[in-house]
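**Q** A predicted structure for the sequence below; I have some questions about it.
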Amino acid sequence: MAVRPVLRMGDPRLLQVSAPVSAFGTPELRALVQDMQDTMAAMNGAGIAAPQIGVQLQVVIFGVGANPRYPDADQVPYTVLCNPAITPLDAQEEEGWEGCLSVPGMRGIVPRHANVRYTGCDLDGNPIDRTVSGFHARVVQHECDHLWGILYPMRIRDMSRFGFTEELFPGQNIPDD
Ligand code: NI
């Protein structure tokens, strides 16, 4: 159990495609997920992907209770998702603010599919198959993008709506990463 350093944008490891998990329920996989959980909690994140702590495996975790970073957001159940696949259910997109532990202190408006189905499995290999929308869909798309080497600024279409959190939301005391 440990809080691990989070790689920041510019580190080439964040641009790599991660390998699928092939062995489930192992002590190594449990230790990885525990470190991801500890790191996400320490940084008050909504999610984290294994490559953000330097492990090139297709593992993401996410979950949002009452999170001050997303005060208006829907709650998202805590989930460990390995080997994910995401399928958009229609052509509808939504724009929303995103931040990332690998891009500390910044926020941007990112278009995402509004309604998606995602599949994969948990750390014991049990299948996960969910149809979600809104913030839950946004979070899973953001986290899984890390597994394909994509950071949210690469998805921004209007760069005039990308900037430092303190400047975008003055006086709102939003944590800076
Ligand atoms: Ni991120």
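**A** Nice, I can see it. Numbering: from 1, shown residues only.
**Q** I'd like to check which residues are in contact with the residue sitting nearest the centre point of the chain.
**A** The centroid of the chain falls nearest to E143 when counting by Cα atoms, centre = their mean (2.7 Å). The contact partners of E143, by Cβ atoms under 8 Å, 6 or more residues apart in numbering, come to G47, I48, A49, V60, I61, F62, L81. (Glycine included, C-beta is placed from N, CA and C.)
**Q** What subset of the residues you listed is buried?
**A** Neighbour counting by 16 or more other Cβ atoms under 10 Å classes G47, I48, A49, V60, I61, F62, L81 among those as buried.
**Q** Export the top helix by length along the chain to PDB, keeping only CA atoms.
**A** Counting residues, the longest helix found in the chain (DSSP state H) is helix 27-42. Listed next in PDB are the C-alpha coordinates belonging to helix 27-42 (Å, rounded to 0.1, in the frame of the first residue of the first chain):
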ATOM      1  CA  PRO A  27      -1.200 -10.500  -5.400                       C
ATOM      2  CA  GLU A  28       0.600  -8.300  -7.900                       C
ATOM      3  CA  LEU A  29      -2.700  -7.100  -9.400                       C
ATOM      4  CA  ARG A  30      -4.200  -6.500  -6.000                       C
ATOM      5  CA  ALA A  31      -1.100  -4.500  -4.900                       C
ATOM      6  CA  LEU A  32      -1.300  -2.400  -8.100                       C
ATOM      7  CA  VAL A  33      -5.000  -1.600  -7.500                       C
ATOM      8  CA  GLN A  34      -4.300  -0.800  -3.900                       C
ATOM      9  CA  ASP A  35      -1.600   1.600  -4.800                       C
ATOM     10  CA  MET A  36      -3.900   3.200  -7.400                       C
ATOM     11  CA  GLN A  37      -6.600   3.500  -4.800                       C
ATOM     12  CA  ASP A  38      -4.200   5.100  -2.200                       C
ATOM     13  CA  THR A  39      -2.900   7.500  -4.800                       C
ATOM     14  CA  MET A  40      -6.300   8.500  -6.100                       C
ATOM     15  CA  ALA A  41      -7.500   9.100  -2.500                       C
ATOM     16  CA  ALA A  42      -4.500  11.100  -1.600                       C
END
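**Q** any low-confidence regions in this protein?
**A** Within the chain, the stretches with pLDDT under 70 are 66-73, 174-177.
**Q** before we move on, back to that, packing partners of the longest helix of the chain?
**A** strand 47-49, strand 59-64 (3 or more Cβ pairs under 8 Å, 6 or more residues apart in numbering; DSSP states H and E).
**Q** out of those, nearest to L89?
**A** Among those, the nearest to L89 by Cβ to Cβ is strand 59-64 (19.2 Å).
**Q** Right, I'll leave it there.
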